[in-house]
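Trainee: Structure for the following, please:
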Amino acid sequence: IEAVKQSGAAAVADQMFPRMLSPHTVQHKPQVAQELRAIMESQSAETIEHCLRALRDRDDHTSYLPSILVPVLIIVGQDDASTPPVVAEGMAKLIRQPTLVVIPQAGHISPMEQPDEVTTSLRRFLEAVNTGGLGGR
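Mentor: Predicted coordinates:
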């Protein structure tokens, strides 16, 4: 928060950017990295400050996960440094009808990094829900 107040969006992007993308994306899809960096730097200092405060101050709702009665899709990038697959696995263990998909060669921004794989995962999940193909664990 102090960094964005003093130095603007670029300072926060400098700190957060390395945790957002898979090394594969940075190396093999530089246009995705450039687009994400541009998005990050285009945000106002006020917007970033509000977002960081909301992230910092949010309540932990993990205890509610067992009460979810509908199928849940959890998508996580294999290389997600912000919310690693082990965190997603822990969430899935608490949910009654989880579907966990780990997207290879993706970090925290898997829809930008591997859009086809994310879309396929969403479609498969929705088709399974619509046809009654998702049971319990």
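Trainee: Just the helices from this protein, written as ranges.
Mentor: 2-7, 9-20, 23-28, 30-41, 45-57, 85-94, 110-113, 115-130 (DSSP state H).
Trainee: give me the low-pLDDT residue ranges for this protein?
Mentor: 135-137 (pLDDT under 70).
Trainee: Tell me which residue is most central in it.
Mentor: Centroid check for the chain by C-alpha atoms, centre = their mean gives His108 as the closest residue, at 4.3 Å.
Trainee: Can you give me the distance of it to Thr47?
Mentor: 18 Å (C-beta to C-beta, to the nearest Å). C-betas here are computed from N, CA, C, even on glycine.
Trainee: For His24, list the residues it contacts.
Mentor: Shown in contact with His24 (C-beta atoms under 8 Å, 6 or more residues apart in numbering): Asp79, Gln105, Ala106, Glu113.
Trainee: wait, what's in contact with the second one?
Mentor: Residues in contact with Gln105 (C-beta under 8 Å, 6+ apart) are Ser22, His24, Thr25, Gln78, Asp79, Glu113, Gln114.
Trainee: Distance to Pro85 for the residues you listed - can I get that in CSV?
Mentor: Listed next are the contacts of Gln105 as CSV, based on distance: C-beta to C-beta, whole Å:
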residue, distance to Pro85
Ser22, 12
His24, 15
Thr25, 16
Gln78, 6
Asp79, 9
Glu113, 15
Gln114, 14
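Trainee: any idea which of these has the most stuff around it?
Mentor: Glu113 (28 neighbours; other C-beta atoms under 10 Å).
Trainee: From the contacts of Gln105, pick the one nearest Ile95.
Mentor: Using C-beta to C-beta, Gln78 comes nearest to Ile95 of these, at 20.2 Å.
Trainee: State the distance from the closest one to Glu35.
Mentor: Gln78 is 21 Å from Glu35, where distance means C-beta to C-beta.
Trainee: What about Ser82, how many residues nearby?
Mentor: Applying other C-beta under 10 Å, we find 13 residues neighbouring Ser82.
Trainee: ditto for Met91
Mentor: A total of 16 residues lie near Met91 under the criterion other C-beta under 10 Å.
Trainee: can I assume it is in contact with Leu73?
Mentor: No. Using C-beta atoms under 8 Å, Met91 makes no contact with Leu73, being 11.3 Å away.
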